[in-house]
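J.: based on what follows, work out the 3D shape:
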Amino acid sequence: MSRNPTFDYLTGQMNASQPPLIAAFEREGEAAVRALAPRLDIAYGPHPRQRYDLFASRPARATLLYFHAGYWQGRDKSQFRFLAPAFVAAGWNVALVNYPLCPEVSLAELTEAARAAVPAIEAAAGGPLIICGHSAGGHLAVELALTDWRARGAAPPRIAAIVALSGVYDLQPLLATPLNDKLRLTPESAQAASPLGRVGAGRPPALFAVGGLETQAFQDQTKALAAAWAAADNRQQVEIVAQADHFSLLRAFADPGGALFRAVTDLL
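T.: Okay, the predicted model is just below:
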């Protein structure tokens, strides 16, 4: 997809606005905790990072599960609590999910650990569920939508839709980047972890979004997965948010007056 994967997937996603933006996210998240008194660090599995925060709306129309960015090797749900108030005000529960990180676990193990969040949160908060993620979390959201729950001996959860924000769905380009120092992917495991090649029929409706200022590789990843979703006769739509980069995209996601927020809430 990219002639320069290091730039497109790492350096190209960095700019001077991001550290103050993340700091603002964290301040706003602290304010959200004070205002909404969520339940924090609820266990959904034995690993110390199998934890989620639950911001509750009563009554709730749906429950949004949100998986954070960090290239499967960093960041924390606490940095993204600022997203919750807009959706709570719209009548949604919001569950912000942590998961184990590479290289402590393999990406396959990380994905399996994240799957355990879905039935746990559905039991605690109710459905229907909107599975959402950003960047690495976008990859996880898609993986959860592709999961064969019955093959795992579980009743399929009520996943009404997925929202994948600026995700990576073909992991082969990451093999040539320093990101793979911790991911430790081989060509075989990268292919196995790439949902782009495994989209079949009968999947939930999907909203794919990417920032208009993001690198070409991220835009190509989004367009390719949307095309695969459509080719399998699944409902999908793409939102390209003008003037948004990889992290300011989250401002649009949580802006009740914006087109992306309306597209998410219209999924119900």
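
J.: contact partners for the closest residue to Arg198 other than its chain neighbours?
T.: Nearest in space to Arg198, with sequence neighbours left out and distances taken as C-beta to C-beta, 6 or more residues apart in numbering, is Leu146 at 5.8 Å. Quick note: C-beta positions are derived from backbone N, CA and C, even for glycine. By C-beta atoms under 8 Å, 6 or more residues apart in numbering, the contact list for Leu146 reads Pro195, Arg198, Val199, Gly200, Arg203.

J.: ditto for Val118
T.: Per C-beta under 8 Å, 6+ apart, neighbours of Val118: Leu65, Leu129, Ile131, Leu144, Pro157, Ile159.

J.: test my guess that His246 contacts Gly211.
T.: Yes - look at His246 against Gly211 with C-beta atoms under 8 Å: they come within range, at 6.1 Å.

J.: overlap in contacts, these two.
T.: Ser166, Phe218.

J.: the two - which one has more neighbours?
T.: Taking other C-beta atoms under 10 Å, His246 and Gly211 do not tie; Gly211 has more neighbours (25 against 22).

J.: Leu250 versus the more buried one, what's the distance?
T.: 10 Å (C-beta to C-beta, to the nearest Å).

J.: give me the pLDDT for the residue nearest to Ala192 when sequence neighbours are not counted.
T.: Spatial nearest neighbour of Ala192, excluding adjacent residues (C-beta to C-beta, 6+ apart): Ala108 at 7.1 Å. Predicted confidence (pLDDT) for Ala108: 98.

J.: which strand or helix spans Ala108?
T.: helix 107-115 (DSSP states H and E).

J.: try Ala209
T.: Judged by DSSP H and E, Ala209 forms part of strand 206-211.
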